[in-house]
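S.K.: let me see the structure of the following:
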Amino acid sequence: MLTLPRIVDRPETPYFALKRTVTLPFEAEIPSIMATLRSRLDTQSVVPAGPVFFKHNVVAMPVIEMEFGVPVERLLPAEGDFVTGILPAGRYAEITYKGPYDDLMEVNGLLIIWARELGHSFDARPVGGGEWFANRAEIYHTDPEDDASTASSRTTVSIKLKDANS
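M.R.: Coordinates of the predicted model:
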């Protein structure tokens, strides 16, 4: 089940993430990535301030540079593959999907086509055979590691639009 695509305003949000370059399909890597992220959060006694997200920094299919992260109340120290930053405020194209994670590539494609058909431009630019995004994320309202609930999983795909003055 899909919601209708929409344009929303999002505030800036501090986050902490584990940066990885993955090749589709990468589902088998998710448990290890999430365990590493959760271990670091536990070590620093940090409680996430919102749901897990997978941020697509550079998409050069089938390779994606990603950040697997969570919103946090305050910026944490970055170290090695752990990064910290601010998800930018602005207007975003979004769609929410309830169903198996296997369908998220098609959900992303649907949102991209919808936004482009309406004349929206993403805050993105070409980089060496791929595309860099200011913020393109899959927000997991249900645990991305919980295989038992994939039919009822709820995920929002959110892509930042160019600011009016850029």
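S.K.: longest strand of the chain?
M.R.: The longest strand of the chain (DSSP state E) is strand 13-23.
S.K.: measure the most centrally placed residue in the chain to residue 128 for me?
M.R.: Geometric centre of the chain, nearest residue: residue 137, 2.1 Å, by CA atoms, centre = their mean. Distance, residue 137 to residue 128, using CB to CB, to the nearest Å: 22 Å. Every residue, glycine included, has its C-beta placed from N, CA and C.
S.K.: and the helices in this protein?
M.R.: Per DSSP state H, the chain carries helices over the ranges 30-43, 104-117.
S.K.: nearest to residue 79, of these?
M.R.: With CB to CB, the closest approach to residue 79 among those belongs to helix 30-43: 8.8 Å.
S.K.: elements contacting that closest one?
M.R.: Where contact means 3 or more CB pairs under 8 Å, 6 or more residues apart in numbering; DSSP states H and E, helix 30-43 is packed against strand 13-23, strand 63-71.
S.K.: which of those strands sits closest to residue 85?
M.R.: Nearest of these to residue 85, taken as CB to CB: strand 13-23 at 6.1 Å.
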